[in-house]
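Engineer: Just to be clear, the model below is a prediction. Sequence and coordinates:
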Amino acid sequence: MLDEKQKLRQIIDLGHEIASVNDVDVLLERILTVARQFSCADAGSIYIKEGNRLKFSYTQNNTLQEKLPSGQKLIYSTFSIPINNESISGYVAGTGETVNIPDVYELPAGVPYSFNKEYDEISSYRTKSVLTFPLKNNHGETIGVLQLINAMDSEGNIMPFSREDVPLTMHFANSAALAIERAQITRIVILRMIKMAELRDPKETGAHVNRVASYAVEIYEKWASGRGVPQREIEKNKDILRMAAMLHDVGKIGISDNILKKPARLDPEEFEIMKQHSYIGAKLFCDRCSDFDEAASLVALNHHERWDGKGYPGFINTMDGSPIIGYELEGGKAQGKKGEEIPPLGRIVAIADVYDALGSRRVYKEAWDHDRVLETLRDERGKQFDPEMLDAFFASLDVIRTIPQRYPDS
């Protein structure tokens, strides 16, 4: 049993851990995980404030997770709830108060909030103890809500959340709120870069890049876990990959409008010019100051390479697009990279990008039926796509299919 000083040290360490995460989606999931670990909570959810509503962002539940086959994730729907007294989370968001309830089925008479038993009935889960607290920024404004469910003792019995731990949990909540605001600023900066590309290419929307990035993270996590990559390394790489994947096509800002906005398929000459966006995007990150710069450059340069070596741009000098000496083909083109010559992040984003593109409407085509998209991906196993990573994609398909609900086209 940890004493108060040890718990405070643990909370400080957890605050430092989440401060190192840069992508807001990866961060929210991580905040929920470490808060549950500290409080020994079986389950929990995290919400982000958007106007006068709370957006349900992530949920975790050990009891329900253990009922799934190994390696599968819980599937949840994306929704939002009003900030009012109809729910505990809505009440906490509206008042800024922390609520610690020993048993939500036995709420004291006269409390201004209520508990909806519908989710428990659908999932056959019994919510009992609940600790809900606001995530406040430096100005005291509530930017979200973290709800922890069913504190567990060492024998797995549900117990109330410790009153003594509430101040420490609130200290963590303050650190979490600051980390969220910082990550939101990072996301805004990235989306502004995407907006610049969108002004040139209407297909390059915030919804598209968020979907591609989310698919890529799911594929990577499944692939890396299957290879025995340590969890700490997986978490670090998920953070970097998600941000880098959002910028996979940012190099299109250097391509002519006549090509980007052509309301039909490109002819061969136009397509050759379009291919330049891969190394133009990589050039934007050539002054590499961080792991993110390295990853963004690799993704931009390599996400159109093919496993069979028939992709582009191949072995080139990223500063001018010329073939690297020894890799020239007839006609002045560069030899394509193949197999594991293509960096893993490029192979992952290749699958994510094609999956989203085929399932989305374009000026020259309608969105494909989902079964047709999946059949096409299967047909390209070992040709366009890394077989092992494509297997990871299909193994993650239940989660991947829910992602468009979070990032729909407007």
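Structural biologist: Ah, there it is. Predicted, not measured: the structure shown is a model, and the values here were computed from it.
Engineer: State the helix or strand in which Tyr91 lies.
Structural biologist: Assigned by DSSP states H and E, Tyr91 falls within helix 88-95.
Engineer: packing partners for that helix?
Structural biologist: Secondary-structure packing of helix 88-95 (3 or more CB pairs under 8 Å, 6 or more residues apart in numbering; DSSP states H and E): strand 41-50, strand 53-61, strand 80-82, strand 99-101, strand 130-136, strand 142-152. C-beta here means a position set from N, CA and C on the backbone, and glycine is covered the same way.
Engineer: will you turn those strands into JSON lines that also has mean pLDDT and mean neighbour count?
Structural biologist: Output for the helices and strands packed on helix 88-95, formatted as JSON lines (pLDDT from 0 to 100; neighbours: other CB atoms under 10 Å):
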{"stretch": "strand 41-50", "mean pLDDT": "96", "mean neighbour count": "22"}
{"stretch": "strand 53-61", "mean pLDDT": "92", "mean neighbour count": "20"}
{"stretch": "strand 80-82", "mean pLDDT": "92", "mean neighbour count": "16"}
{"stretch": "strand 99-101", "mean pLDDT": "96", "mean neighbour count": "19"}
{"stretch": "strand 130-136", "mean pLDDT": "96", "mean neighbour count": "24"}
{"stretch": "strand 142-152", "mean pLDDT": "96", "mean neighbour count": "24"}
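Engineer: now those strands in CSV, with distance to Gly359?
Structural biologist: Listed next are the helices and strands packed on helix 88-95 as CSV, based on distance: least, CB to CB, whole Å:
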stretch, distance to Gly359
strand 41-50, 26
strand 53-61, 23
strand 80-82, 24
strand 99-101, 41
strand 130-136, 34
strand 142-152, 31
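Engineer: Figure out which of those is closest to Ala179.
Structural biologist: Evaluated over these, closeness to Ala179 peaks at strand 130-136, with 9.6 Å, by CB to CB.
Engineer: Pull the number of nearby residues for Leu191.
Structural biologist: Here the count is done by other CB atoms under 10 Å, and Leu191 has 16 residues near it.
Engineer: Domain-wise, how is this protein divided?
Structural biologist: The chain breaks down into these domains under automatic domain parsing: 4-182, 201-406.
Engineer: Average pLDDT for the last one, rounded please.
Structural biologist: Predicted confidence along domain 201-406 averages 92 (mean pLDDT).
Engineer: so how far is it from its chain's centroid?
Structural biologist: Taking CA atoms, centre = their mean, to the nearest Å, one finds domain 201-406 lying 16 Å from the centre of the chain it belongs to.
Engineer: go on, the shortest one?
Structural biologist: In terms of CA atoms, centre = their mean, the centre of domain 4-182 is set 19 Å apart from its chain centre.
Engineer: Adjust the sequence numbering to begin at 434 for everything that follows.
Structural biologist: Understood, numbering begins at 434; the last thing we discussed is domain 437-615.
Engineer: Pull out the buried positions in stretch 520-537.
Structural biologist: 520-527, 532-534, 537 (16 or more other CB atoms under 10 Å).
Engineer: An error on my part: the question was meant for stretch 455-475.
Structural biologist: For stretch 455-475, the neighbour count (16+ other CB under 10 Å) marks 455-469, 471-475 as buried.
Engineer: For it, C-alpha coordinates in CSV please.
Structural biologist: Once non-C-alpha atoms are left out, stretch 455-475 reads as follows in CSV (Å, rounded to 0.1, in the frame of the first residue of the first chain):
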residue,chain,number,x,y,z
ASN,A,455,1.8,15.4,-28.6
ASP,A,456,-1.2,14.0,-30.6
VAL,A,457,-4.5,14.8,-28.9
ASP,A,458,-6.2,11.5,-29.7
VAL,A,459,-3.3,9.4,-28.5
LEU,A,460,-3.1,11.7,-25.4
LEU,A,461,-6.8,11.3,-24.4
GLU,A,462,-6.5,7.6,-24.5
ARG,A,463,-3.3,7.7,-22.5
ILE,A,464,-4.8,10.1,-19.9
LEU,A,465,-7.7,7.7,-19.3
THR,A,466,-5.3,4.7,-19.0
VAL,A,467,-3.0,6.2,-16.4
ALA,A,468,-5.8,7.7,-14.4
ARG,A,469,-7.5,4.3,-14.2
GLN,A,470,-4.2,2.7,-13.2
PHE,A,471,-3.6,5.2,-10.4
SER,A,472,-7.2,4.9,-9.0
CYS,A,473,-7.5,1.1,-9.6
ALA,A,474,-10.6,1.8,-11.7
ASP,A,475,-12.1,-1.0,-13.8
